[in-house]
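**Q** Got a sequence here, can you model it:
(2 chains, ligands or ions: 1)
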Amino acid sequence: MGLETAFGHSYLTTRLDEAVNWARKYSFFNYPFVTACCGMEFMSTFASTYDISRFGAEYPRFSPRQADVLFVVGTVNEKLAPVLKRVYDQMCEPKWVVSFGVCATSGGFYDNYATVQGIDKIIPVDIYIPGCPPRPEAVLDGLIKLQQKVSKESVLDRKYR
Amino acid sequence: MNSYLLETIRTKFPDAVLETHAFRGDETAVIRKEALAGVASFLKAELGFDFLMDLTAADYLPRDPRFELVCHFYSSKHNYRLRLKCPVYSDDATVVSLTPLWAGANWFEREVYDMFGIKFEGHPDLRRILMYDGFEGHPLRKDYPLKKRQPRIPHRE
Ligand code: SF4
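**A** Numbers count the residues shown, from 1 in each chain, chains lettered A, B, ... in the order given. Alright, predicted model coming up:
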């Protein structure tokens, strides 16, 4: 017997934004775009010790069409940039992007002929997680920040993007 | 220092060897690039070097010969290692391909071509291997601008 039985046959009212955002932020489907060493910390965050499923974001989808959050994990070079753009374009709204680690965020220490100086040169980014690589705690912190961001959105925001 | 390998090569190819040296047991022979094919096939046929571990290059820009081709060989039979270096002049940046001798040279040579623009005669398929179609220049050359990027799609902002 759960709490909900206390309400009997009554109903609750809420704002649509609140209800929708509440559902969205606790059920992120991730697309892991993993290109380099940061992937190790990404795996660690997903494994049982840090257990990202406590935050409702444990479900990776390997098709961008089924994903809500694009995790760009690792170095992105100029050769790969069109691929990243295409993956992003294939995702349906609502969609968010997390830049995982300094390489994805700014190119990191690779300032040379090959490396994109931050994935925001290619696609819009919602959350940046610093670190080389970020510790799992930092990743979870970034995820919580993304949830906070989502909870402040309006469902109408996404209509005209 | 008397090394069996270096002595053998020097005796067999007296005109080809420019210099030899060894550092803590790692032996190097600097040879003329024209002699590379002959020395390499001798290494493989007579000295048992069945494995080409690495083939790469270096750019010593103001110097001429500007490039140096570096090949590392290993003999799994005798547990020998040997390094061959060939100076390459920039106005004649062509070297014979080792792919007919060691198939593994194929991609190494494509990488050296891609990064340094050194051509390999007799290579079956000399194309870029790392950089994309439309990339201009050879990025590991010292005169390639350090931060010159060639985006494939327009950047935002
Ligand atoms: S930020 Fe550091 S750990 Fe992450 S991909 Fe770059 S170099 Fe690797």
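
**Q** contacting residues for residue 132?
**A** Going with chain A. A:38, A:101-103, A:108-109 (C-beta atoms under 8 Å, 6 or more residues apart in numbering or on different chains). For the C-beta atoms, the positions are set from N, CA and C on the backbone; glycine is no exception.

**Q** could you do chain B instead?
**A** Here B:Tyr132 is in contact with A:78-79, B:152 (criterion: C-beta under 8 Å, 6+ apart).

**Q** List buried residues within the contacts of A:Cys132.
**A** A:38, A:101-103, A:108 (16 or more other C-beta atoms under 10 Å in any protein chain shown).

**Q** any chance of those residues in JSON lines, plus pLDDT, secondary structure and distance to A:Asp68?
**A** Below are the buried ones among the contacts of A:Cys132 laid out as JSON lines (pLDDT from 0 to 100; DSSP: H, G, I helix; E, B strand; the rest coil; distance: C-beta to C-beta, whole Å):
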{"residue": "A:Cys38", "pLDDT": "93", "secondary structure": "helix", "distance to A:Asp68": "20"}
{"residue": "A:Gly101", "pLDDT": "93", "secondary structure": "coil", "distance to A:Asp68": "20"}
{"residue": "A:Val102", "pLDDT": "94", "secondary structure": "helix", "distance to A:Asp68": "24"}
{"residue": "A:Cys103", "pLDDT": "94", "secondary structure": "helix", "distance to A:Asp68": "23"}
{"residue": "A:Gly108", "pLDDT": "89", "secondary structure": "coil", "distance to A:Asp68": "26"}
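
**Q** Which one (most neighbours) among the contacts of B:Tyr132?
**A** When neighbours are counted by other C-beta atoms under 10 Å in any protein chain shown, A:Glu78 leads the contacts of B:Tyr132 with 21 neighbours.

**Q** Hmm, A:Thr115 and that residue touching each other?
**A** Yes: A:Glu78 is within contact range of A:Thr115, at 7.4 Å (criterion: C-beta atoms under 8 Å).

**Q** List the residues that are in contact with both of the two.
**A** Contacts common to A:Glu78 and A:Thr115, judged by C-beta under 8 Å, 6+ apart, are B:Arg149.

**Q** quick one: average pLDDT of stretch B:127-147?
**A** If you average the pLDDT over stretch B:127-147, you get 92.

**Q** Check the offset of it from the chain's centre.
**A** On the basis of C-alpha atoms, centre = their mean, to the nearest Å, stretch B:127-147 sits 18 Å off its chain's mean C-alpha point.

**Q** Report the buried residues of that stretch.
**A** The neighbour-count check on stretch B:127-147 (16+ other C-beta under 10 Å) flags B:129, B:131, B:135, B:138-141, B:144 as buried.
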